[in-house]
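Trainee: would you be able to build a 3D model of this:
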Amino acid sequence: MIFKQFRYEPLSQASYLIGCARAKEAFVVDPIADLSPDFYVLEAADLGLSIKGVLETHVHADFVSCARELAEMNGCPRYLGERARGYVRYDFAPLGDGDVLELGQVRVKVIATPGHTPEHVAYLLTDSARGDDPWCVLTGDSLFLGDVGRPDLLVGDTELDIMDEAQRAESQWRSIREKLFTLPDHVEVYPNHYGGSTCGGVNMSGKPSSTIWFEKQHNLALAQEGLAAFAAFLRETAKPFPDDYTRIESINLGLRAAEPVS
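Mentor: Next up, the predicted model:
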């Protein structure tokens, strides 16, 4: 498996390239427009890979995505959790819980993890050339290092906000405890954000990766005793909202066009 993490430090954001050297194919996960679609194309080309799919863990609220542009450039599907149907205003390839995408000898299993957003999914990666044990999981804005994704970034539209903050907090609790924390302890955790991001609380670590075992032992948000304490902890330790997040989310929902990059 070819695996690259791209860190955009101004927003403490991480995007990913997953590839199979034998198949000469790649997926890009959560691409950010600040780096540009060309950046990902060139990174793949440098490794001798062609991009066969663009995956997103969810509709982002703190950065403008370039997933649609990147998919169009490469003539490949743009994937998103199936609960985004009727929520976003563009076509995409829907992914359901348990779906598996294959990239040569790399398997990408979809895990539905609603909470931060209703359509949120995580991606569990297995390199079958090395064995059948999963290697790592891309957790998006569900499980962070030391914290979790905030459940209060609502659009403010009654049609689009299909889950309120309380429902999202409960879903986040269950998604992590009942799904991600049931993965093998050795599985590495690679989130969409780290450190200074405003998509989590004040306890986010600046380290860009962890393991399921370490987060089960030391994640402060998930150490809370029960759902009510968990929801209260998230409110008490929340950072300020991301700058201009309603405009950014509306762009990523397809409700308005992105401004040209100067």
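
Trainee: show me where the stretch 101-250 of the chain has strands.
Mentor: All strands of the stretch 101-250 of the chain, identified by DSSP state E, counting those that start in this stretch, fall at 106-112, 121-127, 136-140, 188-191, 210-211.

Trainee: kindly compare burial across the ones you listed and name the winner.
Mentor: Among those, ranked by average contacts under mean count of other CB atoms under 10 Å, first place goes to strand 136-140 (a mean of 27). In short, each C-beta sits where N, CA and C put it, glycine included.

Trainee: returning to what we had before: can you redo the strands of the stretch 101-250 of the chain as a markdown table with distance to residue 92 and mean pLDDT?
Mentor: Output for these, formatted as a markdown table (distance: least, CB to CB, whole Å; pLDDT from 0 to 100):
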| stretch | distance to residue 92 | mean pLDDT |
| --- | --- | --- |
| strand 106-112 | 13 | 98 |
| strand 121-127 | 12 | 98 |
| strand 136-140 | 16 | 98 |
| strand 188-191 | 22 | 98 |
| strand 210-211 | 29 | 98 |
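
Trainee: okay, those in a markdown table with distance to residue 203 next?
Mentor: Below are these laid out as a markdown table (distance: least, CB to CB, whole Å):
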| stretch | distance to residue 203 |
| --- | --- |
| strand 106-112 | 23 |
| strand 121-127 | 20 |
| strand 136-140 | 16 |
| strand 188-191 | 13 |
| strand 210-211 | 13 |
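
Trainee: what residues of the one helix or strand in the chain whose mean pLDDT sits lowest count as buried?
Mentor: Within the chain, no helix or strand scores below helix 245-252, which has a mean of 91 by mean pLDDT, DSSP states H and E. Buried residues in helix 245-252, defined by neighbour count with 16 or more other CB atoms under 10 Å: 245, 248-252.

Trainee: wait, which of those residues is closest to residue 115?
Mentor: Nearest to residue 115 among these, counting by CB to CB, is residue 249 at 16.0 Å.

Trainee: can you tell me the closest non-neighbouring residue to that closest one?
Mentor: Closest residue to residue 249 apart from its sequence neighbours, by CB to CB, 6 or more residues apart in numbering: residue 61 at 4.3 Å.

Trainee: could you pull out the helices in the stretch 1-150 of the chain for me?
Mentor: Using DSSP state H, counting those that start in this stretch, the helices of the stretch 1-150 of the chain run over 37-46, 67-74.

Trainee: what packs against the last one?
Mentor: Yep, that's helix 67-74 we're talking about. Applying 3 or more CB pairs under 8 Å, 6 or more residues apart in numbering; DSSP states H and E, one finds that helix 67-74 contacts helix 37-46, strand 50-55, strand 78-81.

Trainee: before we move on, the earlier item: now do the least confident helix or strand of the chain: distance to the chain's middle.
Mentor: Taking the mean of its C-alpha atoms, helix 245-252 sits 16 Å from the chain's own mean (CA atoms, centre = their mean, to the nearest Å).

Trainee: and it with helix 67-74, angle?
Mentor: When axes from the mean of the first three to the mean of the last three CA atoms, to 10 degrees is applied, the directions of helix 245-252 and helix 67-74 differ by 30 degrees.

Trainee: just the CA trace of helix 245-252, in PDB.
Mentor: The C-alpha trace of helix 245-252 is given here as PDB (Å, rounded to 0.1, in the frame of the first residue of the first chain):
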ATOM      1  CA  TYR A 245     -18.200  28.300   8.600                       C
ATOM      2  CA  THR A 246     -21.800  28.700   7.300                       C
ATOM      3  CA  ARG A 247     -20.500  30.100   4.000                       C
ATOM      4  CA  ILE A 248     -17.900  27.400   3.700                       C
ATOM      5  CA  GLU A 249     -20.400  24.700   4.400                       C
ATOM      6  CA  SER A 250     -22.900  26.100   1.900                       C
ATOM      7  CA  ILE A 251     -20.200  25.900  -0.800                       C
ATOM      8  CA  ASN A 252     -19.400  22.300   0.100                       C
END
